[in-house]
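> please find the sequence and the predicted model below.
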Amino acid sequence: ISSSLFILVVSAGIFFASGSEGSKASTNAAVYTLPAIDFGDILMQSESASVDVMTALVTIGALQVTGIPNFEQSRYLALSDLAHCLSTDKGAAQITMQDGSRRVTSAAQSVHGIPQEMSSSCGAPSSALRTVVDTTVSQLFRLLDKAAALRKAVDEGTEELLSPYTTFESIGRNGEHLEHLHAYYSPTENSGGPALDMHIDAGLLIAMTTGLYTSVSEDPINSRNGLYMELPSGLVVEVGAEDDAIVVMVGQGGATWLQPVLGADLRPVPHALIPAWGAGTDEFFSRSWYGKMYLPPSDAKIGTATYEEYRNQELQGRNLDYIPSVCDSITISTTHGLGYEVVQNTLCDGGTGVYCWKQCMPVDGLSCGLQAECVDTVTGEPVDGVVDCPSSGGMEACELQCLGSGEGNSTGSSSSFCTGPGTTMYMDGFASTVQEDSADILCINLLFTDWTLDSRWKFAIGCLGVFMLGMLVEYITKMRRDLAKRVQWSWWRDALMVLLHAAQVCMGYFLMLCAMTYNVEIFCMVLCGIAAGYALFNLASPPKTKVDYCCAGTDEPSNEEYKLLH
């Protein structure tokens, strides 16, 4: 690739940078077909594809990836029944949009790049779609790395990405990403206006499907996508993309935080949503959609701070200029020239409460009143109150607070012994509840979410219970052996043997789950309980050939035992 090509790309990016801030989306807008990149070319990491991707993201800020194997089926499986399912999910987060339509959401977060489960069971059919989208974007990141390497070959002064991550692919693989499944339901009166007005997403990139419309009879219908964008020239157009394509758009973070390793800053794309309610002679019931916002890893360097530190500082620093947007968020302008979006509180109950924990919470007793925000108590960050808390599989980690004052009205679990609503597993390996700082260690949920060991006495009882469970497993082994040797055959003896076997296997699995919390004290209690039980009840018996307490009692009987059993 010649240096003149990069100069052309840079020049085009600068030329198109004069967009109009006051542009409005309209259903009369012309259709603009996004640049299409074939998945096969991306997979082959061809040089021409790297140039095409680079050009599209620098100049336009958006593209569509076509020809993705199994994507059409995955999209249909994830979205075809989503609206019906979410309409019956009473616990799903929902808000009323600008045009009067209702949006219901199932969401998930990636932790160190690992996707978590969707907040609603309605998101279960999306597993294949989520995998396809993530695989496609990962290959796209690799292609961007190829483009960056090609440019570096002609320009030794190319800057690095977010330290310590030197490639787009490593950023995507380790980032704290957000996924949403949205179902939009048509308003009672169609104003023809936008559900979401023109805005720019905060992330590095957002990868999305086109919307799938469903009629009142719940049959999928082909319709306009409803997605509009502002071109670099300032012209607002309707986005044209194939139904089986993944649309990729650059966010504010991509333009601001990723250094111009491609020859110019990536262009953030202003876009809006005007669902095609009642277009032509058809009246639509719903529009289903999936999108994944790619965010930096928590330890990525932005200036002198990590992304996590920067995010905490920006979200908790109240000396900022807030500009309302219509994407359930507000845009922050800082003296550093960096853009970031934080969640704006969502009022409810006739404007007398604020959403948090996906429910309407009262603001009584809070000095800031309706200015209170839903805060994740584990991270201290404001979060969207109409979805599950990021630090919890449910909602217990969030509460309403007056930021900066420390006031809150938490109804969740909190104590000086440990932090947060509880976790079933420490994701970073073994950790000790006793030795760690209470501000840094999450409480343990022992087997069930209601069994949160958030105080010293609860933790002591939990450890004792695990110890006794280990002894009980060994005692049942002795009971089964004695029953087989001393009781003659009968139907009730066989029934009792089956029940004891099932109980032993169940308790063995419980012990396995206790060990898998990766809590040092709980793990030690599992070992001590089994060892004590073996010493008391089974030391005189021949050693087992198998030691697998989640599948206990699977050893073959001896010849003598076999004769007794028959």
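That came through fine. Numbering: from 1, shown residues only.

> other SSEs contacting the longest helix anywhere in the chain?
Longest helix of the chain, by residue count under DSSP state H: helix 456-486. Applying 3 or more Cβ pairs under 8 Å, 6 or more residues apart in numbering; DSSP states H and E, one finds that helix 456-486 contacts strand 452-453, helix 491-515, helix 520-533, helix 559-565. Every C-beta, even on glycine, is put in place using the N, C-alpha and C of the backbone.

> what's the angle between it and helix 520-533?
Taking axes from the mean of the first three to the mean of the last three Cα atoms, to 10 degrees, one finds helix 456-486 and helix 520-533 inclined to each other by 30 degrees.

> buried residues of helix 456-486, list them for me.
Neighbour-count burial for helix 456-486 flags 458-459, 462-463, 465-467, 469-481, 484 (criterion: 16 or more other Cβ atoms under 10 Å).

> which stretches of the stretch 101-250 of the chain form strands?
Per DSSP state E, counting those that start in this stretch, the stretch 101-250 of the chain carries strands over the ranges 102-111, 114-115, 178-185, 196-199, 205-208, 212-215, 220-221, 227-230, 236-240, 246-250.

> what pairs with the first one, parallel or antiparallel?
Sheet partners assigned to strand 102-111 using DSSP bridges are listed as strand 93-96 (antiparallel), strand 114-115 (antiparallel), strand 178-185 (antiparallel).

> model confidence over the first one, on average?
The reference is to strand 93-96. Strand 93-96 shows a mean pLDDT of 84.

> for residue 43, which of the strands of the stretch 101-250 of the chain is the nearest?
Closest approach to residue 43 among these is made by strand 246-250 (13.6 Å; Cβ to Cβ).

> what's in contact with the closest one?
By Cβ atoms under 8 Å, 6 or more residues apart in numbering, the residues outside strand 246-250 that reach it are 34, 57, 61-65, 68, 71, 133, 136-137, 140, 201, 204-210, 227, 229, 239, 241, 266-269, 271.

> how does it look with 6 Å?
For strand 246-250, contacts defined as Cβ atoms under 6 Å, 6 or more residues apart in numbering pick out 57, 61-65, 136, 205-208, 241, 266-269.

> how about stretch 82-90?
For stretch 82-90, the external contacting residues (Cβ under 6 Å, 6+ apart) are 92, 104, 120, 122, 181, 183, 214, 218, 286, 288.

> of the residues you listed, the lowest pLDDT goes to which?
residue 218 (52).

> could you find the closest non-adjacent residue to residue 177?
residue 110 (4.0 Å; Cβ to Cβ, 6 or more residues apart in numbering).

> for the one you found, name its beta-bridge partners.
Beta-bridge pairing of residue 110 under DSSP bridges involves residue 115.

> check residue 431 too.
Bridge pairing for residue 431 - DSSP bridges - gives residue 519.

> report how many residues lie close to it.
Residue 431: 18 surrounding residues under other Cβ atoms under 10 Å.

> pLDDT at it, what is it?
Looking at residue 431, its pLDDT reads 81.

> one more: the one 4 residues further on?
pLDDT for residue 435: 72.

> burial count for the closest residue in space to it that isn't next to it in sequence?
Counting by Cβ to Cβ, 6+ apart, residue 435 lies nearest to residue 520, which is 7.8 Å off, once chain neighbours are set aside. Residue 520: 16 surrounding residues under other Cβ under 10 Å.

> state the pLDDT value of residue 520.
Residue 520 is assigned 89 on the pLDDT scale.
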